[in-house]
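**Q** Sequence and computational prediction follow.
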Amino acid sequence: MEAPDIFSVLQAKFGEQIVDFLEEGTLNPTVVVKPEAVLKVCEFLSQNEKLQLDSLMNLAGHDQDGESDLSVIYHFYSTIHDHYITVKTFTPREEPSVVSIANLYRTADWHEREAYDMYGIHFEGHPDLKRILLEEDWEGYPLRKDYVPAEFYRGMRIEKVK
Amino acid sequence: MGALNNKFNDNILITSLDKLLNWSRSGSEWYFQFGLACCAIEMMSAAAARHDLERFGAMPRSSPRQADVMIVAGTVSLKMATRVKRLYEQMAEPKYVISMGSCANSGGPYWQHGYHVLKGVDQIVPVDIYVPGCPPRPEALLEGLIHLQKKMREEHVLAKKEA
Ligand code: SF4
C-alpha cells in the first residue's frame, strides 16, 4: 500500500485523532497524530490485516527550533507487505508527554528512553523510564535547542577555560 | 617498597640497586588498556603483530591491579571520567598515565560543543606522557612508551631525591 492510502485508512478509522498528512517536501510521507492516540493508532497499524506494519525501524525525539512543540517520530515498515509509513506526534515543551508503545514494539523500549534522556519527553506506561546514556544525576536535556551546558559536573569543568 | 622509598644516601650499592629496579620496571611496562573510542583501534594495532609492543615488555592488562601504566586511548566522557579516576586510584604504585590522542589530551573534536566530554584527562589524573594525533599512529604510541621508559630510568627508588 502507498502512504496516501494508509493515511486514508487511518483517517476513516480514527477521524479527529489524525491531525495531518505531510507529503510535500518531506523525505518520508508522514501522518501526524494526537499524542494520546499514539498507542491506539500503533496497535491498529500493527494488527490490521492490510497494513501489518510489524517492524518499528526507528523512534526519535525532535526539537525544531527551541521554541515550538517537541515531537516524536516513528518509522514503521511492514516486512509482510513491503510498505512504509512515518507517524509523528507533537507534545508541548513545558510538560512533554506521549503514550508509550514499548509494550507493543520492543524496539521502542530503549528508543523511548533515549528520547527521554535527550529531550525530556515523558512516555506514559513505559516499563522502566530512566536515562539511558547520561548519568542519573544529570541536569537538563542536552539535545533540546535551548539547552545550556552547566559549568561543572561533579566537580569537573565542562567548558574549557580559554 | 613504600617504607624504603627515598630513604638512603647515595652510594655505590644503592645506586646500582636503583639502576636495576629502574631497568626492570622500564622493561615491563604492563599497560592498563583504556580503549574508550577510535584511538583504541590504534592502540590495539600497536599491540598486534606488525608493531608488536611486547618487544618493549609492554603487555596489555585488563585489571588495574596488575598494571603499571594506564593508556587512556579515546574520548573521556564525563560519565566515564568518574570510572577512569576510580580505576587509576586502584592501580598499585608506582603508576604512570599516558594520554593518547587529542580527545584525552584536550577534548579533541569535542572541544567546543561536547557537553558530555571531559576536556583533557589531566583534569582528573596526573598525566606523564601526552601522545598527540587524531588518532596517533602506532609509531607515535611506541615513541610515547619509549619516552616513558626514559623517564622511569631517571627515577630514584631507594636513593634520596636530589634536593
Ligand atoms: S583523538 Fe580522534 S581518533 Fe582519538 S578518540 Fe578522539 S576522535 Fe577518535
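**A** Great, that's in hand.
**Q** going forward, measure contacts between C-alpha atoms and count neighbours the same way
**A** Fine.
**Q** residues touching the spatially most central residue of chain A, list them.
**A** Nearest residue to the geometric centre of chain A (C-alpha atoms, centre = their mean): A:Val72, 2.5 Å. A:Val72 makes contacts with A:59-62, A:88-90, as judged by C-alpha atoms under 8 Å, 6 or more residues apart in numbering or on different chains.
**Q** try B:Ile98
**A** B:69-72, B:127-131, B:144.
**Q** near the ligand at all, the helix or strand containing it?
**A** Per DSSP states H and E: B:Ile98 is located in strand B:96-100. No. Using C-alpha under 6 Å from any ligand atom, strand B:96-100 stays clear of the ligand, with a minimum separation of 7.3 Å.
**Q** Render the CA-only coordinates of the helix or strand containing A:Leu39 in PDB, please.
**A** Taking DSSP H and E as the definition, A:Leu39 sits inside helix A:38-47. The C-alpha coordinates for helix A:38-47 follow below in PDB (Å, rounded to 0.1, in the frame of the first residue of the first chain):
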ATOM      1  CA  VAL A  38      -0.400   7.100  19.500                       C
ATOM      2  CA  LEU A  39      -0.900   3.700  21.200                       C
ATOM      3  CA  LYS A  40      -4.300   3.000  19.600                       C
ATOM      4  CA  VAL A  41      -3.100   4.000  16.200                       C
ATOM      5  CA  CYS A  42       0.000   1.900  16.500                       C
ATOM      6  CA  GLU A  43      -2.000  -1.100  17.700                       C
ATOM      7  CA  PHE A  44      -4.100  -0.700  14.600                       C
ATOM      8  CA  LEU A  45      -1.100  -0.300  12.300                       C
ATOM      9  CA  SER A  46       0.500  -3.500  13.600                       C
ATOM     10  CA  GLN A  47      -2.600  -5.700  13.700                       C
END
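**Q** Contact residues of chain B facing chain A?
**A** Contacts of chain B with chain A, taken as C-alpha under 8 Å from any C-alpha of the partner chain, map to B:78-79, B:111-112, B:115-119, B:123-124.
**Q** repeat that for 7 Å
**A** Residues of chain B lying near chain A by C-alpha under 7 Å from any C-alpha of the partner chain: B:79, B:115, B:118-119.
**Q** Mind listing the residues bridging to the spatially most central residue of chain B?
**A** In chain B, the centroid-proximal residue (C-alpha atoms, centre = their mean) is B:Val97; its distance is 3.0 Å. Beta bridges link B:Val97 to B:Met70, judged by DSSP bridges.
**Q** What residues sit buried inside stretch A:138-149?
**A** Buried residues in stretch A:138-149, defined by neighbour count with 16 or more other C-alpha atoms under 10 Å in any protein chain shown: A:141-144, A:149.
**Q** can whatever helix or strand B:Tyr130 lives in be found next to the ligand?
**A** Secondary structure assignment for B:Tyr130, by DSSP H and E: strand B:129-131. No. Using C-alpha under 6 Å from any ligand atom, we find that strand B:129-131 stays clear of the ligand, coming within 9.8 Å at best.
**Q** quick one: average pLDDT of that strand?
**A** Summarised as a single mean, pLDDT over strand B:129-131 is 95.
**Q** Count residues in the vicinity of A:Asn58, would you?
**A** Residues lying near A:Asn58 (other C-alpha atoms under 10 Å in any protein chain shown) number 14.
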